[in-house]
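Engineer: give me a 3D structure for the following:
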Amino acid sequence: MGKNLVYAFDYMVGDKNCSTVSIYDDDTVVVEDHTTNIVDLPFGCWGDKATIEDVNDLLECRCFPRTRGNCKQLLKSGGLDFYDPFQICLKTDGRMSDDVFWIRFHDKDKLIRRTEDE
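Structural biologist: Have a look, this model is predicted:
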């Protein structure tokens, strides 16, 4: 496992924490599932084998599509210059209009300040 935690989040269904996902500085991903209901898990039955690519895919699937007609307008209204699923999810909590799943980032305020400073 990596030395330093980069960020972590809870994968939520309504107010229920289904999984905690931690990402370390060597791109190691650690998933702790809190339910056995496979439908509510962010990586299904392979959570213990999740990779940084799986996390990036999860974040992107919790965003509006890159190809959406008003994508640039949405980015601008969110204070973003380019399509970045991590940044979009930080701002929207990965909420979608058609389901009850969302992402609760640990230390969200610190993450936002850190990325604004970069």
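
Engineer: what residue is smack in the middle of the protein?
Structural biologist: With distances taken as CA atoms, centre = their mean, the residue of the chain nearest its centroid is residue 59 (4.2 Å).

Engineer: from residue 74, how far out is residue 68?
Structural biologist: With the distance defined as CB to CB, to the nearest Å, residue 68 ends up 7 Å from residue 74. In short, each C-beta sits where N, CA and C put it, glycine included.

Engineer: so the two - more neighbours on which side?
Structural biologist: Using other CB atoms under 10 Å as the criterion, residue 68 and residue 74 rank with residue 74 on top: 16 against 13.

Engineer: who are the packing partners of the helix or strand harbouring that one?
Structural biologist: In this structure, residue 74 is located in helix 71-77 according to DSSP states H and E. Using 3 or more CB pairs under 8 Å, 6 or more residues apart in numbering; DSSP states H and E as the contact criterion, helix 71-77 has no neighbours among helices and strands.

Engineer: next one: that helix to chain centre, how far?
Structural biologist: Average the C-alpha atoms of helix 71-77, do the same for its chain, and the two points are 19 Å apart (CA atoms, centre = their mean, to the nearest Å).

Engineer: which parts of that helix are buried?
Structural biologist: 74, 75 (16 or more other CB atoms under 10 Å).

Engineer: stretch 10-27 too?
Structural biologist: Along stretch 10-27, the positions that meet the burial threshold by neighbour count (16+ other CB under 10 Å) are 10, 11, 12, 13, 18, 19, 20, 21, 22, 23, 24.
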